[in-house]
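Visitor: Return a 3D structure for these sequence lines:
(chains A and B, ligands or ions: 1)
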Amino acid sequence: MPEITCREALNQAIREEMERDPAVFILGEDVGLYEGSFKVTRGLLAKFGDKRVVDTPIAEAGIVGLACGAAMAGLRPIAELMTVNFAIVAMDQIMNSAAVARYMFGGQCSVPLVIRAPGGAGHQLGAQHSHTLDALFMHCPGLRVVIPSIPADAKGLLKSAIRSDDPVMFLEHEGLYATKGEVPDGEYTIPLGVADVKRQGKDVTLLAVSRMVYVCLEAAELLARDGIEAEVVDLRALNPIDMPTVLASVRKTHRAVTVEESWLTGGWGGELVARIVAAAFDDLDAPVLRVGGADVPMPYNKALEKAAIPDVAQVVARVREIL
Amino acid sequence: MKGKKERTLLEPRELLAMYRDMVRIREFEEACPKLYSQGKMGGFLHLYSGQEAVGVGVAHAMHQEDYMIAAYREHGLILAKGTPPDVVMAELFGKATGVSKGKGGSMHMFDAERRFMGGYGIVGGHLPLAVGIGFAILYRESDEVVVCLFGDGATNQGVFHEAMNMAALYQVPVVFVCENNGYGIGTSVARASAVEQLYKKSCAYETPGVKVDGMDVLAVYETVRQAVQRAREGGGPTYVEAITYRFRGHSISDPGTYRSEQEKKIWQERDPIPNFAERLIAEGRASREQLDQIDAEEKQRIEAAIRFAEESPEPAAEELWTDVYAKF
Ligand SMILES: Cc1ncc(C[n+]2csc(CCOP(=O)(O)OP(=O)(O)O)c2C)c(N)n1
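Guide: Purely as a prediction, here's the structure:
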């Protein structure tokens, strides 16, 4: 299998889906001529032309609203937002239009829309450009929330997202675009809402998405040196959450720690704890603990920013608390 | 003065101060890429080189107690407002002595004392804040003015229109200054805006829209001075479009290859600093020696700012948790 970056995997997914289905088009700020601020859309304008690769003004509410309308009228738009913080500018269109339309209109319309947005901290971009807002979107019924970590997942999940008849928030991590991994040759998709066990273990379950999967894998390596085998579950989607996989792992290990990049308060970890406790209380040998980012707006200073994001040491420390 | 076009003859002292401010900004900005590549700074770095005549013309047209608010390309603007380069540089270094205590960085500078009300990273997001500051001025029945600077790209955001409408509706003392540098990252104005003459965008709100040469500091000064005066006298908002150019890419990571060499050259020839220098000399307002001396002094000033930033302490680890909420 060829090794490619997440960036290339996403590019392949978009390219293949645009080839397969003429209703698929991509729109966003600088996606065409400039080939995307993270270069995910490289080569697409040249291949598909400006009818299907549409440069837009800096107008997120307009972009998402337009895409939502186009989706309701039968197209399959992929709206790229430069940074997930800008999705907040479009939040009205996301939550009050895209997510609710099918339900609100009694099932008469579909919104087959993908909103791709990079996010995540680690580049000293400050409080208006580096947040991880996964939990915000997960809170809203009707919206699927999909978050890949490795290139192979990025490709397979994005293809499924594009084919999905529901609006999908597809959250990418800026720190992972250059990460390489093996991607299968040929056509494949990964169903939305199915988790993946990235490392087998028997002593504790680590639950994560996106860049935190790598943090958990590193933590697992460290723990392994002391004979502690951590299982790392990559949720890959926060709506729907693959509870069968989560519970199967917890029933095997009897301990769990959730690891999320963003604010702990109101984060998805709390939701998972509640679900695990409700479904598998008797299987637990310890309380389910959480690791998360500091509850502060992201600081610019490098050391402070680092302190605001969960790291391997924190994950290891939490695991030791319950072992 | 109504009806009559008022011509303000500036004192040589003021003219030299304008020249000095522009040179200071240029020296500051041109020092940054090297420091950035040395890892002294992080994050985005949107430089202002080329646009100095706008910021300096605007700043000289307002009083010290008037408010300024800006987007993320604001190093030059906060310097024009009078903030010492030391604390601006220290902010870029993320140091505790920085204007935002190292928590804001390049895009989020704030100087309460000098009424620089912040740099903001969400395109268009600060326009309604400017209206709110203007609202507070009316509310307190004082006579300050707010000048709000933003790029051409911001005029395509919905929030631009909300802000323009409310500013006109409540007749707030705001001067909107659009710095039209031709591009929003890699997209030219013509490819992003249905209306290319951006000053016309205010007509839907019956707000005067004026276009000015943003490479001419005196032209900017005069236009904004009139708008500020109008606002101060209760005449409501004005919308100014300053035509300018950024000499560098959008940010430090953008090589700017979407612009032709020829286009860049045409604008380089319109560089606001040497052109202003020549004009001052030609009109007998300053000598070459005077200007050379200012150049040398400002170079040293920025070197001192870099030293200050280098020698400043990092924020303490506890700073992660301060200022999330007010103390009580
Ligand atoms: C709401 C929002 N969308 C997108 C961006 C990403 N972005 C940062 S700067 C920029 C271009 C802005 O251009 P303009 O307003 O003309 O200002 P200039 O950079 O030319 O000074 C874009 C698209 C952003 N910061 N905020």
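Visitor: give the contact list for B:Lys264.
Guide: B:Phe247 (CB atoms under 8 Å, 6 or more residues apart in numbering or on different chains). No exception for glycine: its C-beta is placed from N, CA and C like everyone else's.
Visitor: residue boundaries of the strands in the chain?
Guide: Using chain A. A:3-5, A:24-28, A:53-55, A:76-80, A:114-119, A:144-146, A:168-173, A:180-182, A:196-199, A:204-208, A:230-234, A:237-239, A:256-263, A:289-293 (DSSP state E).
Visitor: try chain B instead
Guide: Using DSSP E, strands in chain B cover B:67-70, B:116-119, B:146-151, B:174-180, B:183-184, B:187-188, B:209-213, B:238-243.
Visitor: on contacts alone, who are the packing partners of the last one?
Guide: When contacts are defined as 3 or more CB pairs under 8 Å, 6 or more residues apart in numbering or on different chains; DSSP states H and E, strand B:238-243 packs onto strand B:174-180, strand B:209-213, helix B:217-232.
Visitor: got it, and the fifth one?
Guide: Strand B:183-184 makes packing contacts with no helix or strand when contacts are defined by 3+ CB pairs under 8 Å, 6+ apart.
Visitor: Just checking: what are the partner strands of it?
Guide: strand B:187-188 (antiparallel) (DSSP bridges).
Visitor: returning to that earlier point: possible to save the helices and strands packed on strand B:238-243 as TSV with mean neighbour count and mean pLDDT?
Guide: Formatted as TSV, the helices and strands packed on strand B:238-243 follow (neighbours: other CB atoms under 10 Å in any protein chain shown; pLDDT from 0 to 100):
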stretch	mean neighbour count	mean pLDDT
strand B:174-180	29	98
strand B:209-213	19	98
helix B:217-232	22	98
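Visitor: And stretch A:237-245, what's buried?
Guide: Neighbour-count burial for stretch A:237-245 flags A:Ala237, A:Leu238, A:Asn239, A:Ile241, A:Asp242, A:Met243, A:Thr245 (criterion: 16 or more other CB atoms under 10 Å in any protein chain shown).
Visitor: Please apply the same query to stretch B:10-26.
Guide: Neighbour-count burial for stretch B:10-26 [16+ other CB under 10 Å]: B:Leu15, B:Leu16, B:Ala17, B:Met18, B:Tyr19, B:Arg20, B:Asp21, B:Met22, B:Val23, B:Arg24, B:Ile25, B:Arg26.
Visitor: And the contacts of it?
Guide: Outside stretch B:10-26, the residues that touch it by CB under 8 Å, 6+ apart are B:48-49, B:52-53, B:55-57, B:59-60, B:75-76, B:79-80, B:85, B:217-218, B:221, B:272-273, B:276-277, B:280, B:285-286, B:290-291, B:294-295, B:297-298, B:301-302.
Visitor: Let's see which of these end up in helices.
Guide: B:52-53, B:55-57, B:59-60, B:75-76, B:79-80, B:85, B:217-218, B:221, B:272-273, B:276-277, B:280, B:290-291, B:294-295, B:297-298, B:301-302 (DSSP state H).
Visitor: any idea how far stretch B:189-205 is from the chain center?
Guide: Relative to its chain's centre, stretch B:189-205 lies at 21 Å (CA atoms, centre = their mean, to the nearest Å).
Visitor: sorry, that was for stretch A:162-178
Guide: Distance, centroid of stretch A:162-178 to centroid of chain: 6 Å (CA atoms, centre = their mean).
Visitor: For A:Ala278, find the nearest of the helices and strands packed on strand B:238-243.
Guide: strand B:174-180 (53.3 Å; CB to CB).
Visitor: what helices or strands is that closest one leaning on?
Guide: By 3+ CB pairs under 8 Å, 6+ apart, strand B:174-180 packs against helix B:52-60, helix B:127-139, strand B:146-151, helix B:158-170, helix B:217-232, strand B:238-243.
Visitor: quick one, which of the ones you listed is nearest to the ligand?
Guide: strand B:146-151 (2.0 Å; CB to the nearest ligand atom).
Visitor: how big is the angle separating that closest one from helix B:217-232?
Guide: Relative orientation of strand B:146-151 and helix B:217-232, computed by axes from the mean of the first three to the mean of the last three CA atoms, to 10 degrees: 130 degrees.
Visitor: which of the buried residues of stretch A:237-245 sit farthest apart?
Guide: A:Asn239 and A:Thr245 (14.8 Å).
Visitor: so what's the residue nearest the centre of chain B scoring on pLDDT?
Guide: For chain B, B:Leu77 is the residue whose C-alpha lies nearest the centre (CA atoms, centre = their mean; 3.3 Å). Note on B:Leu77: pLDDT of 98.
Visitor: try A:Gly49
Guide: pLDDT, read off for A:Gly49, is 98.
Visitor: number of nearby residues for it?
Guide: 11 (other CB atoms under 10 Å in any protein chain shown).
Visitor: Return the distance of it relative to A:Ile26.
Guide: Taking CB to CB, to the nearest Å as the criterion, A:Gly49 is separated from A:Ile26 by 12 Å.
Visitor: And A:Ala279, by the same measure?
Guide: Relative to A:Ile26, and taking CB to CB, A:Ala279 is found at 39 Å.
Visitor: out of those two, which sits in the busier spot?
Guide: Neighbour count, other CB under 10 Å: between A:Ala279 and A:Ile26, A:Ile26 has more, with 26 against 15.
Visitor: okay, how far is it across stretch A:242-262, tip to tip?
Guide: 20 Å (CA to CA, to the nearest Å).
Visitor: ok, which residues in the stretch 201-323 of chain A are in contact with chain B?
Guide: A:Ala294, A:Asp295, A:Val296, A:Pro297, A:Pro299, A:Tyr300, A:Asn301, A:Lys302, A:Ala303, A:Leu304, A:Ala307, A:Ala308 (CB under 8 Å from any CB of the partner chain).
Visitor: All set now, cheers.
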